[in-house]
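Participant: whatever this is, show me its structure:
(one chain, ligands or ions: 1)
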Amino acid sequence: MTDRYCVFGHPVAHSKSPLIHAAFAEQTGEAIAYTAIEAPLDDFAGAWRRFSAEGGRGANVTVPFKEEAFRLCDTLSERARRAGAVNTLILGGNGLTYGDTTDGVGLVRDLVGHGVALRGARVLVLGAGGAVRGVLEPLLAEAPASLFLANRTAGKAAGLAADFHDLGEVEGGGFDAVAGPFDLVINGTSASLAGDLPPLPDDLFAPGATAYDMMYGAEPTVFLRWAAARGARPLDGLGMLVEQAAESFFQWRGKRPATAPVRERLRQAL
Ligand code: ATR
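Facilitator: Down below sits the predicted model:
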């Protein structure tokens, strides 16, 4: 029987995950069926229970269910525990649900794949919401020289940094506390959605710096345009999307698909 997987979201019709996993399955010869399921806002746990009772082996979880997915898991990876969120569910043979989050490792793999050195780098992360919390453990595991979290609400960045102090050189504050230069600046705010740009100094980037936006689209985000005009190399989050999917696929099937061709195919369709 074909093993079933899905992505849960609300809304979920726009999700690229079914396309990505179909491409991975074709490439690796794995016989899986992967669909998008719109779970009810008030009963995510029920949706997962039903799916797994009907032969579902695992799932991806997207907005707005990542925290609820975290709460229903019987066991968690360390990075999911740190993130307080889960984007990958796996049904164990014992009927227990294991949760992981692959967003951070997806970000790191995309950066490394584009030749961005993280070890010893001076890193600035913009934002202190769920998206940023979700990537901090894998980022810090790469041993950057320093990581500053800057957020509109300064206290949130300081609090988030404190939660990760044991893992490395991480501090947090408001945008007014940003002091460059940085080798890597990652935008993890949702400001791009509103076409906004966080207030940032002009001398933010070290020579050869990279600007990464966790968002992506047919056109570069406001942040990436601003950064490119100041000499940084712009990278958007499409690669992170494909890499996080590849890591989920690996967790489920034990095979690592090639990501670059899938990313390029998606890029052309944006
Ligand atoms: P997500 O799951 O995408 O991280 P979130 O938890 O709501 O969503 O966090 C959104 C992040 O984007 C926050 O860091 C938010 O800043 P505040 O904590 O001050 O609210 C940031 N953000 C959203 N809109 C912004 C804007 N127009 N300018 C700057 N930061 C913005």
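Participant: can you count the residues close to the residue of the chain found nearest the ligand?
Facilitator: For the chain, the residue closest to the ligand is Gly129, as judged by C-beta to the nearest ligand atom, at 2.0 Å. C-betas here are computed from N, CA, C, even on glycine. By other C-beta atoms under 10 Å, the residues close to Gly129 number 14.
Participant: is it true that it touches Asn187?
Facilitator: No. Using C-beta atoms under 8 Å, Gly129 is not in contact with Asn187, being 11.8 Å away.
Participant: quick revisit: so what's the residue of the chain closest to the ligand up against?
Facilitator: Contact partners of Gly129, counting by C-beta atoms under 8 Å, 6 or more residues apart in numbering, are Lys156, Gly188, Thr189, Ser190.
Participant: identify, from those, the entry nearest to Ala260.
Facilitator: Gly188 (23.5 Å; C-beta to C-beta).
Participant: may I have the phi/psi pair for the closest one?
Facilitator: Main-chain torsions, Gly188, degrees, to the nearest 10: phi -110, psi 10.
Participant: quick thing: my sequence starts at 448, can you match it?
Facilitator: Sure, I'll start counting at 448 from here, so that last one is Gly635.
Participant: that one: neighbour count?
Facilitator: 25.
Participant: what does stretch 688-708 rub up against?
Facilitator: 450, 452, 463-464, 467-468, 470-471, 474-475, 477, 479, 504-505, 507, 534-535, 537, 547, 549-550, 552-554, 556-557, 560, 663, 686, 709-710, 713.
Participant: give me the buried entries from those.
Facilitator: Buried members of the contacts of stretch 688-708, scored by 16 or more other C-beta atoms under 10 Å, are 450, 452, 463-464, 467-468, 470-471, 475, 477, 479, 504-505, 507, 534-535, 537, 547, 549-550, 552-554, 556-557, 663, 686, 709-710, 713.
Participant: which of the residues you listed fall in helices?
Facilitator: 464, 467-468, 470-471, 475, 550, 552-554, 556-557, 686, 709-710, 713 (DSSP state H).
Participant: what's the farthest-apart pair in those residues?
Facilitator: Thr475 and Leu554 (22.7 Å).
Participant: helices of the protein, start to end?
Facilitator: Using DSSP H, helices in the chain cover 464-475, 491-500, 513-519, 525-530, 550-560, 577-580, 583-588, 601-610, 669-676, 685-700, 707-716.
Participant: who are the contact partners of Gly505?
Facilitator: Tyr452, Thr535, Leu536, Ile537, Leu538, Ser695, Gln698, Trp699.
Participant: on that earlier part again, separate out the buried members of the contacts of Gly576.
Facilitator: Buried among the contacts of Gly576 (16+ other C-beta under 10 Å): Lys603, Gly635, Thr636.
Participant: count the neighbours of the residue nearest to the last one when sequence neighbours are not counted for me.
Facilitator: Pointing back at Thr636 there. In this structure, Thr636 finds its nearest non-sequential neighbour in Gly574, 3.7 Å apart by C-beta to C-beta, 6 or more residues apart in numbering. Gly574 sits with 23 neighbouring residues when counted by other C-beta under 10 Å.
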